[in-house]
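*Asks:* Following is a predicted model, sequence given first.
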Amino acid sequence: MRIIKVNLLSDYTDAIREAVKVLKEGGTVVYPTDTIYGIGCNATDFKAVETVYRIKERPLDKPLSVIARNIEWVKELAIVPTKMEEILRQLWPGAITVILPKQSVIPGIVTAGFPNVGLRIPDYEFTDKLLGKFGYPIVSTSANMAGAGDDETTNSAAIIETFKPRMWQPDLMLDAGNLPPSSPSTIIDFSSVKPKILRVGPVKPKQLEIILGLKHD
């Protein structure tokens, strides 16, 4: 695993360029987000996604999430009812993953064969620039082994130590140092008639209930 140091307060154009090169070649990248470090690849590349599963030793029956740059991208990746757009624009960008029926551009391996896909638009300049330069959606799953806790997924040194001794490793890590303490994103299932909050992350439950119309203030 090659490691490139990234200063998020300075010019990281070269790091973005290197990451895009790896992604375009079907490789995998560990990158910082507005929540934790994620492992990513081209979400439309079957073999690259398969490699992410191998790296994490993740069962193939457990879906992966995907990050997109904006709502327009999301509408190419999932079926978004018109009435749903306004809600999504209130939720994004931010630490909220939304489950929607997927479009065919997303390979079945990403969703473990299920018809729905988890999507998110991060509120983070770095990922926005990475996605913009790459031009494709990226798989976003925590930078740890399957079944491990998320306690160290903001700790770059711990992530390096996790993958260093393993046969299957990410091709590149963009090391921005330790990220602020955070939880993985909130997950909301919009694939059925009534939205369901499956996991509560950094967003306050009351705020979600109001936005989703599940509870009036």
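*Replies:* Yep, it's here. Residues are numbered from 1 along each chain as shown.
*Asks:* which of the residues in stretch 183-201 are buried?
*Replies:* Within stretch 183-201, the residues scored as buried using 16 or more other C-beta atoms under 10 Å are S183, P184, S185, T186, I187, I188, D189, F190, S191, P195, I197, G201. Backbone N, C-alpha and C define where each C-beta goes, glycine included.
*Asks:* Rebuild these as a markdown table, extending it with secondary structure, distance to T141 and pLDDT.
*Replies:* As requested, the buried residues of stretch 183-201 are arranged in a markdown table below (DSSP: H, G, I helix; E, B strand; the rest coil; distance: C-beta to C-beta, whole Å; pLDDT from 0 to 100):
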| residue | secondary structure | distance to T141 | pLDDT |
| --- | --- | --- | --- |
| S183 | coil | 15 | 77 |
| P184 | coil | 10 | 81 |
| S185 | coil | 11 | 86 |
| T186 | strand | 16 | 89 |
| I187 | strand | 13 | 91 |
| I188 | strand | 18 | 92 |
| D189 | strand | 18 | 93 |
| F190 | coil | 20 | 91 |
| S191 | coil | 19 | 88 |
| P195 | coil | 23 | 85 |
| I197 | strand | 20 | 86 |
| G201 | coil | 14 | 80 |
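*Asks:* Greatest separation within those residues: which pair is it?
*Replies:* Greatest spacing in the buried residues of stretch 183-201, by C-beta to C-beta: S183 and S191 (22.8 Å).
*Asks:* wait, what's in contact with I138?
*Replies:* When contacts are counted by C-beta atoms under 8 Å, 6 or more residues apart in numbering, I138 touches L23, G40, C41, N42, A43, V66, I67, T127, L130, L131.
*Asks:* okay, those residues in CSV with distance to I87, pLDDT and neighbour count next?
*Replies:* Shown next, in CSV, are the contacts of I138 (distance: C-beta to C-beta, whole Å; pLDDT from 0 to 100; neighbours: other C-beta atoms under 10 Å):
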residue, distance to I87, pLDDT, neighbour count
L23, 30, 98, 25
G40, 26, 95, 33
C41, 29, 98, 28
N42, 28, 98, 22
A43, 23, 98, 26
V66, 19, 98, 28
I67, 19, 98, 27
T127, 22, 97, 24
L130, 26, 98, 26
L131, 22, 98, 23
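*Asks:* Using neighbour counts, pick out the buried residues of the helix or strand hosting E161.
*Replies:* Assigned by DSSP states H and E, E161 falls within helix 156-163. For helix 156-163, burial by neighbour count (16+ other C-beta under 10 Å) applies to S156, I159, I160, T162, F163.
*Asks:* same deal with stretch 48-55?
*Replies:* In stretch 48-55, counting by 16+ other C-beta under 10 Å, buried: A48, V49, T51, V52, Y53, I55.
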